[in-house]
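> please find the sequence and the predicted model below.
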Amino acid sequence: MTVTLRFLKPLFSLLAVLLLSTGCVTTGLPLASGSPWTPVPLATSANPLDVAFSDATHGFLVGSNRLVMESNDGGASWESRSLDLPEGENFRLISIDFRGDEGWIAGQPGLLLHSTDAGQHWTRLLLDTKLPGEPFLITATAAQTAELATDVGAVYRSSDGGKNWQAELGDAAGAVRDLRRNADGRYVSVSSLGNFFSTWNPGEATWQVHQRVSSQRVQTMGFQPDGQLWMVSRGAQLRFNPDGQKPEDWGKPVIPITNGYGYLDMAWDPQGQIWTGGGNGTLLVSGDGGSSWQKDPVGAATPSNFTRLLFLPDGKGFALGERGSLLRWLG
């Protein structure tokens with residue numbers, strides 16, 4: 001017995017050092033007493049992928065399997081909406097954005113739609129057959145003006161309602177699994193394998209490639225409210241970049257809970273709380289910058305993987321899950 005304890009003691013000490021060196025790790029989290037989220041039933045088994053509104057009450061939700069739904073009550077309820085698209089093509093509507101009554105939808109394969117009447121009518125725009133990659137992200141920036149980013153990192157801009165597109169960044173970053181745009185025009189992309197990420201600032205000729213910060217592959221990345229970067233990696237790791245001008249400098253990994261499920265997205269609500277979502281109803285919140293976390297009870301009761309968390313400029317919030325799962329943030 002004495003020999004066994006002598007052998008185990010250094011192993012326990014080594015385990016403690018490893019846990020401390022990896023950052024904030026916990027195997028259990030308290031359940032919040034209440035939730036700012038409410039489930040919204042959707043009459044679909046498709047995956048919602050993006051949401052945008054033309055005004056305070058009227059908006060659209062798009063997703064896989066040609067999913068288009070419309071709301072006239074701020075997202076409290078949604079009804080299916082059909083678009084005039086070729087039969088037999090299983091379009092994946094991946095991105096939507098509005099600027100007033102002018103709306104844009106980007107989808108795959110090769111789909112770009114434009115509306116000037118708050119989505120009552122949509123016109124399909126013809127894309128150049130030489131466009132690098134497939135449409136991935138559409139951003140309305142001004143009247144008749146939008147930026148289109150593709151799944152290989154090309155960025156194009158139109159100022160005439162989508163009739164003509166000019167390359168802002170023709171140099172491709174390579175196949176991407178995730179790509180986000182900040183309000184100031186900066187982009188960050190994650191490679192398809194998650195083994196590196198890239199950044200681009202308006203005016204630069206090429207993407208700037210950065211190696212991942214650890215052995216864990218990168219899942220998603222985006223911009224914090226102050227413009228700094230955040231990162232979600234495999235192994236349920238969250239990281240925060242302390243200086244937006246130095247995209248290779250990162251804090252220690254934060255691992256809110258080790259429950260066997262990874263995180264897929266992260267976002268800040270209008271109150272400044274940080275939310276992260278992932279597999280099997282994982283929806284966590286931190287009110288102290290990521291130092292401590294709680295499980296959201298509504299998220300925990302939702303049998304879905306939360307793939308996207310969205311907080312819109314007007315204060316609306318949505319948690320998008322797989323198989324027609326949607327939560328609406330009530331604040």
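Cool, the structure landed.

> all contacts plus neighbour counts: C-alpha atoms, from now on.
OK.

> so how far is Ala175 from Ala149?
Look at Ala149 and Ala175: by C-alpha to C-alpha, to the nearest Å, they are 12 Å apart.

> of those two, which one has the most company?
Ala149 (26 against 16; other C-alpha atoms under 10 Å).

> shouldn't the more buried one be within a strand?
Yes. The assignment for Ala149 (DSSP: H, G, I helix; E, B strand; the rest coil) places it in a strand.

> which ones are touching Met231?
Taking C-alpha atoms under 8 Å, 6 or more residues apart in numbering as the criterion, Met231 is in contact with 218-222, 238-240.

> of those residues, grab the buried ones for PyMOL.
Selection of buried members from these for PyMOL, criterion 16 or more other C-alpha atoms under 10 Å:
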select buried, resi 218+219+220+221+222+238+239+240
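
> so can I have TSV of the contacts of Met231 showing pLDDT and secondary structure?
TSV is the format used below for the contacts of Met231 (pLDDT from 0 to 100; DSSP: H, G, I helix; E, B strand; the rest coil):
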residue	pLDDT	secondary structure
Val218	97	strand
Gln219	96	strand
Thr220	97	strand
Met221	98	strand
Gly222	97	strand
Leu238	96	strand
Arg239	97	strand
Phe240	96	strand
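
> tell me the bridge partners for Glu102.
When bridges are called by DSSP bridges, Glu102 pairs up with Arg99.

> pull the number of nearby residues for it.
By the criterion of other C-alpha under 10 Å, Glu102 has 20 neighbours.

> ok, it touching His121?
No. Contact status for Glu102 versus His121: not in contact, 10.6 Å apart, counting by C-alpha atoms under 8 Å.

> overlap in contacts of those two?
Common neighbours of Glu102 and His121, using C-alpha under 8 Å, 6+ apart, are Ser115.

> picking that back up, now the two most distant members of the contacts of Met231.
Greatest spatial distance among these (C-alpha to C-alpha): Gln219 and Phe240, at 13.9 Å.

> where along the stretch 201-331 of the chain do the strands fall?
When assigned using DSSP state E, counting those that start in this stretch, the strands of the stretch 201-331 of the chain occupy the ranges 208-211, 218-223, 229-233, 237-240, 254-255, 263-268, 274-278, 283-286, 294-295, 306-311, 317-321, 326-329.

> listing partners with orientation, what would you give for the third one?
So that's strand 229-233. Sheet pairing for strand 229-233, using DSSP bridges, gives strand 218-223 (antiparallel), strand 237-240 (antiparallel).

> of all those strands, which one comes closest to Gly88?
strand 218-223 (31.5 Å).

> which outside residues touch the closest one?
Residues outside strand 218-223 that contact it (C-alpha under 8 Å, 6+ apart): 177-182, 188-190, 194-197, 212, 229-234, 264-265.

> ok, now stretch 100-120?
Under C-alpha under 8 Å, 6+ apart, the answer for stretch 100-120 is 54-55, 91-98, 121-127, 134-140, 143-144, 161-162.

> low-confidence ranges in the chain?
1-27, 244, 258-260 (pLDDT under 70).

> to Pro41, which of the strands of the stretch 201-331 of the chain lies closest?
In terms of C-alpha to C-alpha, the element of those nearest to Pro41 is strand 326-329, at 7.0 Å.

> elements contacting that closest one?
strand 37-39, strand 317-321 (3 or more C-alpha pairs under 8 Å, 6 or more residues apart in numbering; DSSP states H and E).

> in its sheet, what does it sit against?
Going by DSSP bridges, the partners of strand 326-329 are strand 37-39 (antiparallel), strand 317-321 (antiparallel).

> beta-bridge partners for Leu179, please?
Ser189.

> hang on, the earlier thing: between the strands of the stretch 201-331 of the chain, which one is closest to Thr38.
When the strands of the stretch 201-331 of the chain are compared by C-alpha to C-alpha, strand 326-329 sits nearest Thr38, at 5.3 Å.

> so what's Asn194 up against?
One correction, residue 194 is Gly, not Asn. 177, 217-219.

> need the winner for burial among the helices and strands packed on strand 326-329.
strand 317-321 (a mean of 26; mean count of other C-alpha atoms under 10 Å).

> now the angle from that one to strand 274-278?
Angle, strand 317-321 to strand 274-278, by axes from the mean of the first three to the mean of the last three C-alpha atoms, to 10 degrees: 20 degrees.
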